[in-house]
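Participant: Need coordinates for the following:
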Amino acid sequence: MVIDEWFFPRESLASPGWESVVDATIEGWQYTGLRIAHLGKGQSAQLNAQAIERIIVPLSGSFDVTYQSSDGVEKSQHLHGRTSVFDGPTDSLYLPINTSAVVSGTGRVAVAEAPADESFPIAYIPRESVAVEMRGAGSASRQVHNFGTPGNLNASRIIVCEVITPAGNWSSYPPHKHDEYKAGSESELEEIYYFQTDVERGNETSTATDPIGYIRNYTSAAGDIETLAEVRTGDIALVPFGWHGPCVAAPGYDMYYLNVMAGPGPERSWLITDDPAHAWVRQSWTTQSVDSRLPYMHPKKEVSP
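Facilitator: Below is the predicted model:
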């Protein structure tokens, strides 16, 4: 069995104008997509009108999105953004199917995508409205930004959230799966993990560093997958099926990941099944406190390009 065949180091999925592109050109991949761009002054990224819904997410910096919907009306939305993914949630923009756009600004931007056939209204999502969740407890504490999840955004297929895992903690834990449809208990969803890592918040060092974390995915009845990878900023892991977790932030280094999910099921929902060998861990959180380092939040000010 090939190890890490679904893991892609930074720029290994490069395409003209994009640092990384995940789409259906990857064999075995159907329901989700992701584009990452690092834009300099005067640069822009083009998004063509297709049967794809999108969420534009500033990772660092601020951006202007000029878009033209199927009715031909051109509009513009400024995204205030943030200095770093470790500064808490950002504002973002949902664009429905058949909407072209140009993203301009200075910084790093993600475009989460999912093929769809139903159109929903364009939605600007201010950072102040983002539902920030403290999930887990103790060394499994992590911070989740639920800006593109069911109940927080009306969309056709796409489900998007962000997770911050403080140095030394575990997230995507207990290991779980969502690779078969079981009404009311499990969804069938592809999932993308896009990573960024940095020196632990509050620690300053003048020495050279190599911020790292780890991800583990393994085989379920739905298919064979073996991923055990060291991750750094810009790396991408794909989960077409299988048990996945944990994601581990190495001591001294914070970890961020952007999750993009979608699937063929009749409902847009995120329902999971925990690996029975580890499901008991959730109950242990009831006697523990959330990590005192959380939440990671940003100053409420405009980000300068």
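
Participant: so which helix or strand takes in the residue minimising distance to the centre of the chain?
Facilitator: Among the residues of the chain, the one closest to the centroid is Leu258, at 1.6 Å (C-alpha atoms, centre = their mean). Take DSSP states H and E as the rule and Leu258 turns out to sit in strand 253-262.

Participant: Determine the set of other helices and strands touching that strand.
Facilitator: Packing partners of strand 253-262 (3 or more C-beta pairs under 8 Å, 6 or more residues apart in numbering; DSSP states H and E): strand 33-39, strand 100-115, strand 159-165, strand 190-199, strand 243-249. Where you see a C-beta, it was placed from the backbone N, CA and C, and this is true even at glycine.

Participant: And the ones you listed: which comes nearest Ala137?
Facilitator: Of all these, strand 159-165 sits nearest to Ala137, with 13.3 Å by C-beta to C-beta.

Participant: Could you find the closest non-adjacent residue to the residue nearest to the centre of the chain?
Facilitator: Counting by C-beta to C-beta, 6 or more residues apart in numbering, Tyr194 is the residue found nearest to Leu258 once chain neighbours are left out, at 4.4 Å.

Participant: Count the residues that sit near that neighbour.
Facilitator: Neighbour count for Tyr194, taken as other C-beta atoms under 10 Å: 27.

Participant: Would you mind listing the residues in contact with it?
Facilitator: Going by C-beta atoms under 8 Å, 6 or more residues apart in numbering, Tyr194 touches Ser20, Leu34, Ile36, Ala110, Asp235, Ile236, Tyr257, Leu258, Val260.

Participant: again, only this time at 10 Å
Facilitator: Taking C-beta atoms under 10 Å, 6 or more residues apart in numbering as the criterion, Tyr194 is in contact with 8, 10, 20, 22, 34, 36, 57, 59, 85, 110, 112, 162, 231, 233-237, 256-260.
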